[in-house]
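**Q** Generate coordinates for the sequence data below:
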Amino acid sequence: AVDVAQVWEALTALSVDELVSSPHTVRDGAAVLRTQALGTFMECWATDYLETHIRTTLVPQFWSETMAAGGVDAQSLARLLELLEACLQRLQPFVQEVYQDPESAWTKLMETFRAYLCIATPSAWHASIADMYAEAFDAMAASFAGEEEDDEPVPIDTDDGREAMLASFSAANTSLHRLGVFERLAAAVVTATIHARLDARMEAKCRGVFDAAALAPLLQWINAVAIRFLSAVVANASGADALIKSWRGRLFYHVHKSLASLRITELFDIIVDFPDSTPALTDLRDCLRKTDQRAELMASLQAAFSKRLLHPGANTSDIIAQYISSIRALRLLDNAGAILDAACGGVRTYLQSRSDTIRCIVESITDDSNAELRDEFRSSSGGPRATDSDDDEWEPGTDAGDDGPGSLHTKRDVSSILVTIYGGQDRFIVEYRQMLAERLLAAKDFDTDKELRNLELLKLRFGEDNLHLCDTMLKDVANSRRVNTHIIENTNFDSEGCEFSALVLSRTIWPPLRDEAVTLPKPMQDMFARFTTAFTALKPARTLELKPTLGFVTIELDLAGRTVEFTVPPGVAAAIMAFEEKPVWTLAELSARLGVAAAVVARRLQHWTRLGIVRETAPDTFTLDEEGGHDEESGGEDAAGDGDGGAESRFTDMHWQFVVGLLVNFGAMPIDRIMQMLSMMLSDSPVSEQECKTFMDAMVAEEKLVCTAGKYKLPS
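**A** So this is what the prediction gives:
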């Protein structure tokens, strides 16, 4: 009789090496135990025994030797994986002898092995093999470099070294696939390696390059380099074609998502460069169709607008120019206008808060330098609007794309969107009328050809009835030319040797004009009285009312043996002409003499005190200094622009100190940006752009400022 206990003790006392090397002993012992109905018990023991061996011996030894050097290279990994496979294969005869269903038992044992191997994976494993995969990728990419014109080969020490490394790399991946652990131990590293190389390539070749398509070359690179690298990695895997197909889809998505994210961060600059940046916008549009990153785009663009555009230091004209580019560029991304509505809503709201927005819009539409917008305005003014075939191409809507009363995509041309920033054309026309009045009053002659062309253009859009007041204003200028010519040439009007002309305005047609009381010198009053008499004789049913603070007077001052000419508003001229009577005036005396408030007199005297012709020798006491004003002898004409449409300057020392602060903090600034800052920060003391420019030019003449390329700065 066979002693079952003795057989069991002998079998279980064997080491793994003894079990593997003694198949006959295992076979005989297993047969004895099965005859005693102990086969199932024996299989449970064998399963526990093998799992313990794998958990405590095979897996720890593999990871210990693999990570011993602190890094993993292809050759050592291939060798260790080969040894691990051999150790597992040595267990297979034992499984064949012990189990009734050895195939099922082996399958379960391998699943257990894979589980223990992955659970015990060192935390540094992925970082350790990352260099190996990166080196292999670069080596393969170098061999593919000749297939793409712009690829730069990655240097490898020698061809023999590269081939040996790639052979070991292939063997290591084959072992990982045979062991069934590639997906869990290496797939993430492979993906990260390709992503890193792809992102580096995108950064080097795509960032800041807006005039060339990037998406197609990147997808071509995926097929030419990345997919071939993957083919080498999974060459010996079962279902390799399906794996590569799945990987290609994920990589293509990564290309679209990464390129979209890059272009979204650059979208503000892309809009600035539009239309030269059309290829970049086309790529972004194609990427958005795959990844649906519209919400990210809108949030990013809104933040960029707020940070880089919608702040007091930006010129209104620059904001409008960027807004125009945004309209055209974003329509290329989204025909429906949903992105445009959401991203640019803040720009429209901000423009509504600026007082000079409508004026800048009118200038943008009517400016000869902006030919594209002007031509668009002209082409869309009459008859049905032409649309491109792209505009009629249907695309799926988005959450923000529903039509509404203020929806931008219901208006096809840019000029219409600009006109309706304030919700309608009435406000636009009112502002245009005011701007036209200021331009006509600031002109030194009767030439209205440019304004007439602009008006005719606007009539095409808004209709003659809506602009008839502006039409009449231009006719007033033309009639004034004829009246002046007739009175001077055909009457006994005595101009006392001076050139005299008057702009005759229709009271009920022109917008309200700023006017202040002023007592003009008697020669000026007499000349106007004679002109009024001649005008009444010419047009008996009409009379004239002088607006003394509008217009210009050119005067010559005899100062210490020299003659200096200045062109200034009448009120400013009256202030200096009072010094013909006596050289010293108090503010109260001059206020009574001119018939205006002391504050107004002080403001008018500022022009002459800046020039050094009048000095404040004591508080509220002003003295004529005939030795002053030397710096202005060649620049007196600059004073012609003092005032809004010919009105006297309201620019005070407070404004000057604020301008100095601006230039100290922000450096050189153009006049329109200075005006924007003044209008926002000193709204209680408004000045016109012409007043500001006149003052700034006077400071340049006094060498207190420097003007270069239209920008003012403090002298160094």
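**Q** Assess the claim that Arg530 and Phe493 are in contact.
**A** Yes: applying CB atoms under 8 Å as the test, Arg530 and Phe493 come out as touching, 5.8 Å apart. Just so you know, the C-beta spots here come from the backbone N, C-alpha and C atoms, and that holds for glycine as well.
**Q** Assumed Glu616 was part of a strand.
**A** Yes: applying DSSP: H, G, I helix; E, B strand; the rest coil, one finds Glu616 inside a strand.
**Q** For it, name its beta-bridge partners.
**A** Beta bridges link Glu616 to Phe622, judged by DSSP bridges.
**Q** Thought Trp608 was touching it, still the case?
**A** No: here Glu616 does not reach Trp608: they are 10.5 Å apart, not a contact under CB under 8 Å.
**Q** between these two, which one's more packed in?
**A** In terms of neighbours (other CB atoms under 10 Å), Trp608 is the more surrounded of Glu616 and Trp608; the figures are 25 against 13.
**Q** Find the residue at the geometric middle of this structure.
**A** Phe268 (1.8 Å; CA atoms, centre = their mean).
**Q** For that residue, give me its contacts.
**A** By CB atoms under 8 Å, 6 or more residues apart in numbering, Phe268 lies in contact with 301, 304-305, 308-309.
**Q** So which of these sit within helices?
**A** Per DSSP state H, helices hold the following members of the contacts of Phe268: 301, 304-305, 308.
**Q** mind giving me CSV with the residues you listed and columns for neighbour count and pLDDT?
**A** Below are the ones in helices among the contacts of Phe268 laid out as CSV (neighbours: other CB atoms under 10 Å; pLDDT from 0 to 100):
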residue, neighbour count, pLDDT
Leu301, 23, 91
Ala304, 19, 91
Phe305, 23, 89
Arg308, 13, 87
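**Q** is it possible to export these to CSV including distance to Met654?
**A** Listed next are these as CSV, based on distance: CB to CB, whole Å:
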residue, distance to Met654
Leu301, 38
Ala304, 35
Phe305, 32
Arg308, 30
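**Q** Identify, from the residues you listed, the entry nearest to Glu456.
**A** Using CB to CB, Phe305 comes nearest to Glu456 of those, at 34.9 Å.
**Q** any idea how far Glu103 is from that closest one?
**A** 67 Å (CB to CB, to the nearest Å).
**Q** from the ones in helices among the contacts of Phe268, which is closest to Arg354?
**A** Arg354 lies nearest to Phe305 out of the ones in helices among the contacts of Phe268, by CB to CB, at 14.4 Å.
**Q** Wait, that closest one touches Arg348, no?
**A** No: with contact defined as CB under 8 Å, Phe305 does not reach Arg348; the gap is 10.7 Å.
**Q** what about the helices in the stretch 201-350 of the chain?
**A** For the stretch 201-350 of the chain, the helices defined by DSSP state H, counting those that start in this stretch cover 215-221, 227-233, 240-265, 267-273, 278-291, 294-308, 316-333, 338-352.
**Q** same question, the stretch 51-200 of the chain
**A** Under DSSP H, counting those that start in this stretch, the stretch 51-200 of the chain gives helices at 59-67, 74-98, 102-119, 125-144, 159-179, 182-185, 187-205.
**Q** Now distance to Val362 too, for these, in a markdown table please.
**A** Listed next are those as a markdown table, based on distance: least, CB to CB, whole Å:
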| stretch | distance to Val362 |
| --- | --- |
| helix 59-67 | 73 |
| helix 74-98 | 70 |
| helix 102-119 | 71 |
| helix 125-144 | 57 |
| helix 159-179 | 68 |
| helix 182-185 | 66 |
| helix 187-205 | 43 |
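**Q** The ones you listed: which one's closest to Ala30?
**A** helix 74-98 (5.4 Å).
**Q** burial of Glu691, as a residue count?
**A** Glu691 sits with 22 neighbouring residues when counted by other CB under 10 Å.
**Q** and the residue nearest to the centre of the chain, how far is that from Ser317?
**A** Phe268 is 17 Å from Ser317, where distance means CB to CB.
**Q** Let me know the secondary structure of Val564.
**A** Of the three states, Val564 takes strand according to three-state DSSP.
**Q** And for it, the neighbour number?
**A** 18.
**Q** in the sheet, who's paired with it?
**A** Under DSSP bridges, the beta-bridge partners of Val564 are Leu557.
**Q** Check what pLDDT it gets.
**A** Model confidence at Val564, given as pLDDT, is 83.
**Q** Equivalent analysis for the one 4 residues further on, please.
**A** The predicted local confidence for Val568 comes out at a pLDDT of 82.
**Q** What pLDDT does the model give Asp638?
**A** We have a pLDDT of 41 for Asp638.
**Q** Please read the previous query as pertaining to Tyr323.
**A** Looking at Tyr323, its pLDDT is 88.
**Q** Touching, it and Thr349? I think so.
**A** No: look at Tyr323 against Thr349 with CB under 8 Å: they stay out of range, at 11.6 Å.
**Q** who has more neighbours, the two?
**A** Set Tyr323 next to Thr349 and count neighbours by other CB under 10 Å: Tyr323 wins out with 23 against 11.
**Q** tell me the contacts of that one?
**A** Counting by CB under 8 Å, 6+ apart, Tyr323 has contacts 344, 347-348, 351, 418.
**Q** Could you rerun that using 6 Å?
**A** By CB atoms under 6 Å, 6 or more residues apart in numbering, Tyr323 lies in contact with Val347.
**Q** can you put the contacts of Phe268 in a markdown table and add distance to Cys44?
**A** Putting the contacts of Phe268 into a markdown table (distance: CB to CB, whole Å) gives the following:
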| residue | distance to Cys44 |
| --- | --- |
| Leu301 | 66 |
| Ala304 | 67 |
| Phe305 | 71 |
| Arg308 | 72 |
| Leu309 | 75 |
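**Q** I'd say Phe493 and Thr533 touch.
**A** No: using CB atoms under 6 Å, Phe493 is not in contact with Thr533; the gap is 8.5 Å.
**Q** quick one, the helix or strand hosting Ala602 and strand 614-618 angle?
**A** Per DSSP states H and E, Ala602 falls inside helix 598-611. Angle of helix 598-611 versus strand 614-618, following axes from the mean of the first three to the mean of the last three CA atoms, to 10 degrees, is 110 degrees.
**Q** give me the number of residues near Leu714?
**A** Per other CB under 10 Å, the neighbour tally for Leu714 reads 14.
**Q** again with Leu436
**A** Neighbours of Leu436 using other CB under 10 Å come to 23.
**Q** so the residue lying closest to it once chain neighbours are set aside is in which element?
**A** Closest residue to Leu436 apart from its sequence neighbours, by CB to CB, 6 or more residues apart in numbering: Cys470 at 5.6 Å. When secondary structure is defined by DSSP H and E, Cys470 falls within helix 468-490.
**Q** For that helix, give me every contacting residue.
**A** Contacts with helix 468-490, where a contact means CB under 6 Å, 6+ apart, come from 433, 436, 440, 446, 448, 452, 455, 493, 501, 503-506, 509, 534.
**Q** Please apply the same query to stretch 83-100.
**A** With CB under 6 Å, 6+ apart, stretch 83-100 has contacts from 19-20, 23, 26-27, 30, 43, 46, 58, 62, 102, 105-106.
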